[in-house]
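1. Quick one, what's the 3D model for this:
(chains A and B)
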Amino acid sequence: MNPRYVPLAATIAIFVAAYALCILQYPNMLSTRVIGNLLTDNAFLGIAAVGMTFVILSGGIDLSIGAVIAFTGVFIAVVLENTGLHPLVVFVLVLGIATLFGALMGAIIHHLEMPPFIVTLAGMFLARGMAFVLSIDSVPVKHPFYATMKAFYYRLPGGGRITLIGGLMLLVFAAGILIAHRTRFGANVYALGGGVQTARLMGVPVARTTIAIYAFSGLLAGLSGIVFSLYTSAGYSLAAVGVELDAIAAVVIGGTLLTGGSGFVGGTLIGILIMGLIQTYITFDGSLSSWWTKILIGLLLFGFILMQKGFLYLSKGGRRLA
Amino acid sequence: MNALKPHLIRLAPQFAVLVAVVLLISLAFPDFLKLQIQNGRVYGSLVDVLNRGAPVALLAIGMTIVIATRGIDLSVGAVMAICGAVAAASITSGHSLVYTLALALAVGLLCGLWNGILVAVLDIQPIIATLVLMVAGRGIAQLITEGAILTFNDPGLIFIGSGSFLGLPMPVVIWLVFGIAVTLLVRRTALGMLIEALGINRRASTLSGVSTGVLLVAAYVLSGLCAAIAGIIAAADIKGADANNAGLWLELDAILAVVVGGNSLLGGRFSIAAALLGALIIQSINTGILLSGFPPEFNLIIKAAIIVLILVIQSPRIRDLAALFGRSESAEATVKQEAK
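-> As a prediction, the model looks like this:
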């Protein structure tokens, strides 16, 4: 097998094995209802994680997405409450803001040659601060259009539902996979992750690609914020704290190398599903406390990082021992 | 005096900013500068700044060293929560104060050791290596407190959070003493220089005989120890261990303090004193915003503005531009660039 596929294969194997174990203990977990809920509950995280996958593939990191999700939610709620705009118009507006915000961070990262870590940290403070300025309280969304969108779902055999937001996540993943593997932009992202210098020599437009990557991540964070607002029917500036870390964890568990340049958008979907599965198992069990989720995800993260190191070591024939 | 001069020049910008911030606040609120002594203890907003800034100042000490090695430690907030939880759990189950403190500090050392081994031995990127503990750490802390806020009323432990020594609140004394001790340790020995060498070029330092592995682990262990002390102070301050909120986002504040202190995130030369001044600048702004009646949420926006400003100043591009305007500056810029 191509060594490129080994981390992805390991992720899929772990997911299948974990799901099989869950089913052995709780046969009810093998129902379309559980699968439908798995998709719905993790929709906002999944959409944000697609953007994060692109950022990490390019060798960067985006710490601002949780704050952008919160800002989007509050912005939608506040605008809907105070103006007569239709939600769809507000969605377009907020997606524009989020994309510009991401593009701005990308521009700073490229033109000021600063580490993405600290630039997106500033972005995180800024977005969270703007959300607070808009409203400190949780603002409910009561627009009737929300109820219409929530009532919209595709019924699976066995009673499960693929809701609008669950379906949207799958669509975003499909689009992400296409963009990553079938477009010039996707190839540029991989090239950038392989090394900025080499990418530049190969003729990759580094500035444009970097800005586009962060703009794309911003756009998806905005979309994730819309989904989150649909999911919770409210906008709250303290919502989605730490989502960026969950997204990074999902990307790593999905088999993407943190050094950039190698990985798959599809793997991130499996990563999201594994994390969702842990949560679902803990809910099914009932006696395990919620903090086990964090510990298990931490352990899983550790295991995958270790595995990646092992592969890197093997593929370079142990020459890194200097 | 001559020996001190380079240090003073290094600290001048941070010091000027701190003075400017304090003056600005005191212009609006003359009471800000007022100090009074009651029951043998100094009270006043300035002391409050020093006191409230204690956790970030402590974290900034360890973070400075870690960043100087070209690393970063994202787990300090979670380690604070773990150590606070350990201290609270130990004191409530009837152990002595000394045992409790030793246990909490040992746990902090252990957390640092874990990070250090991941970074130095397994050669994992520091952001990711410490992310593991950042994600799992709060879970571990909740496991220890069993999800509740573990309260205690042991006078000895509470003294660490709200007692006073020589008129100053205990947290202030602790971070001052610890900061001076670490500064002396790295500056009066070759350790500081070796850490800088490691941060600038790890391979070259290894090849020239520096045991970079041990140094790297030691840097993370120190950071873990700082987080443990900060965690104990934070728990003692509220007389309880809150696994969810203790030290939440303080890792970011600590990194910000180090950056405001003019230390490069790319590793190399560092100054602990400057990072401590950075922590005080951040805390003064926090206190100033609270006093001014602005919603505290403005803090985040101001912090973002500060980061962007510093990024622009530190940016290699801007430095090149500055180099165009003066020969002396251009010489300095090349030296700095060579240092990287």
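
2. Which one of the residues in the stretch 1-150 of chain B is closest to chain A?
-> residue B:136 (2.4 Å; Cβ to the nearest Cβ). In short, each C-beta sits where N, CA and C put it, glycine included.

3. quick one, what contacts that residue?
-> A:294-295, A:297-299, A:301-302, B:78 (Cβ atoms under 8 Å, 6 or more residues apart in numbering or on different chains).

4. so how far is residue B:125 from it?
-> Distance of residue B:136 to residue B:125, computed by Cβ to Cβ, to the nearest Å: 17 Å.

5. what do you get for residue B:88?
-> 33 Å.

6. So for the two, which residue has more residues nearby?
-> The neighbour comparison of residue B:88 against residue B:125 (other Cβ atoms under 10 Å in any protein chain shown) goes to residue B:88, with 30 against 16.

7. Which residue, neighbours along the chain excluded, lies closest to that one?
-> residue B:241 (3.6 Å; Cβ to Cβ, 6 or more residues apart in numbering or on different chains).

8. the strands in the stretch 201-322 of chain A, which residues?
-> Counting by DSSP state E, counting those that start in this stretch, the stretch 201-322 of chain A has strands at residues A:234-235.

9. Equivalent analysis for the stretch 1-150 of chain A, please.
-> A:139-140.

10. Flag every residue of it that's near chain B.
-> A:61, A:108, A:111-115, A:117-119, A:121-126, A:128-130, A:132-133, A:136 (Cβ under 8 Å from any Cβ of the partner chain).

11. and stretch B:109-126, how far out from the chain's middle?
-> 19 Å (Cα atoms, centre = their mean, to the nearest Å).

12. Now that stretch: buried residues?
-> Neighbour-count burial for stretch B:109-126, counted by 16 or more other Cβ atoms under 10 Å in any protein chain shown, picks out B:109-112, B:114-120, B:124-126.

13. tally of neighbours for the closest residue to residue A:213 other than its chain neighbours?
-> Using Cβ to Cβ, 6+ apart and skipping the chain neighbours, the partner closest in space to residue A:213 is residue A:58 (5.1 Å). Neighbours of residue A:58 under the rule other Cβ under 10 Å: 27.

14. same check, this time on the one 10 residues further on
-> By other Cβ under 10 Å, 36 other residues sit near residue A:68.

15. quick one: it from residue A:26, how far?
-> For residue A:68, the distance to residue A:26 - Cβ to Cβ - is 36 Å.

16. and what of residue A:62?
-> Residue A:62 is 36 Å from residue A:26, by Cβ to Cβ.

17. Please apply the same query to residue A:186.
-> For residue A:186, the distance to residue A:26 - Cβ to Cβ - is 39 Å.

18. neighbour count winner among the two?
-> Under the neighbour definition other Cβ under 10 Å, residue A:186 and residue A:26 were set side by side, and residue A:186 has more, 18 against 14.

19. contacting residues around whatever helix or strand the more buried one lives in?
-> Per DSSP states H and E, residue A:186 falls inside helix A:184-194. For helix A:184-194, contacts defined as Cβ under 8 Å, 6+ apart pick out A:54, A:56-59, A:179-180, A:198-199, A:202, A:204-206, A:209-210, A:212-213, A:259-262.

20. Check stretch A:152-164 too.
-> A:31-37, A:39-40, A:43, A:149-150, A:167, A:170, A:230.

21. Report the contact partners of residue A:229.
-> Taking Cβ under 8 Å, 6+ apart, one finds A:72-73, A:76-77, A:141, A:235 in contact with residue A:229.

22. Most neighbours of all those residues, which one?
-> That'd be residue A:73 among those, by other Cβ under 10 Å, with 33 neighbours.

23. what about it, distance to residue A:96?
-> 16 Å.

24. Spit out the contact partners of residue A:210.
-> Taking Cβ under 8 Å, 6+ apart as the test, what residue A:210 contacts is A:58, A:60, A:106, A:109-110, A:192.

25. For the residues you listed, give me CSV that also has pLDDT.
-> What follows is the contacts of residue A:210, written out as CSV (pLDDT from 0 to 100):
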residue, pLDDT
A:58, 92
A:60, 90
A:106, 94
A:109, 90
A:110, 90
A:192, 91
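
26. Buried only: go through those residues for me.
-> A:58, A:60, A:106, A:109-110, A:192.

27. quick one: which of those sit in helices?
-> Judged by DSSP state H, helices contain the following of the buried ones among the contacts of residue A:210: A:106, A:109-110, A:192.

28. so which residue of chain A comes closest to chain B?
-> For chain A, Cβ to the nearest Cβ, closest residue to chain B: residue A:298, 2.4 Å.

29. Counting neighbours, what do you get for that residue?
-> So residue A:298, with other Cβ under 10 Å, has 22 neighbours.

30. Can you name the residues of the stretch 101-250 of chain B that neighbour chain A?
-> Checking the stretch 101-250 of chain B against chain A by Cβ under 8 Å from any Cβ, the hits are B:118, B:122-125, B:127-129, B:131-140, B:142-143, B:146-147, B:203, B:206, B:243.

31. List the ones among those that fall in helices.
-> Checking these against DSSP H, those in helices are B:118, B:127-129, B:131-140, B:142-143, B:203, B:206.

32. quick one: low-confidence parts of chain B?
-> B:1-3, B:314-319, B:322-340 (pLDDT under 70).

33. Chain A now?
-> A:1-3, A:312, A:315-322.

34. one more time with 80
-> A:1-7, A:150-152, A:155-161, A:240-242, A:258-259, A:285-291, A:293-294, A:297, A:304-305, A:307-322 (pLDDT under 80).

35. which helix in it runs the most residues?
-> Per DSSP H, chain A has its longest helix at helix A:206-232.

36. For residue B:70, which non-adjacent residue is spatially closest?
-> Nearest one to residue B:70, counting by Cβ to Cβ, 6+ apart, is residue B:267 at 3.0 Å.

37. tell me which residues in the helix or strand residue B:287 falls within are buried?
-> In the assignment (DSSP H and E), residue B:287 maps to helix B:272-292. Applying a neighbour-count criterion of 16+ other Cβ under 10 Å, one finds B:272-289 buried in helix B:272-292.

38. Does residue B:296 touch residue B:290 like I think?
-> Yes. Using Cβ atoms under 8 Å, residue B:296 makes contact with residue B:290 at a distance of 6.1 Å.

39. give me phi/psi at residue B:165?
-> Backbone torsions of residue B:165, given as degrees, to the nearest 10, read phi -140, psi 130.

40. Counting neighbours, what do you get for residue A:30?
-> 14.

41. And for residue B:95?
-> 16.

42. again, but for residue B:37
-> Residue B:37: 10 neighbours (other Cβ under 10 Å).

43. surely it meets residue B:43?
-> Yes. With contact defined as Cβ under 8 Å, residue B:37 counts as touching residue B:43 (7.4 Å).

44. Residue A:50 contacts residue A:176, correct?
-> Yes. In this structure residue A:50 lies within contact range of residue A:176 using Cβ under 8 Å: 4.2 Å.

45. picking up where we left off before, how about the contacts made by the residue of chain A closest to chain B?
-> Residue A:298 touches B:132-133, B:135-137, B:139, counting by Cβ under 8 Å, 6+ apart.

46. that older thread, of all the ones in helices among the buried ones among the contacts of residue A:210, which comes closest to residue B:312?
-> Nearest to residue B:312 among these is residue A:109, at 12.7 Å by Cβ to Cβ.

47. Please list all residues in contact with the residue most central in space within chain B.
-> When Cα atoms, centre = their mean is applied to chain B, the residue found nearest the centroid is residue B:60 (1.3 Å). For residue B:60, the contacting residues are B:254, B:257-258, B:261, B:272, B:275-276, B:278-279, by Cβ under 8 Å, 6+ apart.

48. and if you look at residue A:101?
-> With contact taken as Cβ under 8 Å, 6+ apart, residue A:101 is in contact with A:64, A:68, A:123, A:127, A:218.

49. With residue B:290 instead?
-> Here residue B:290 is in contact with residue B:296 (Cβ under 8 Å, 6+ apart).
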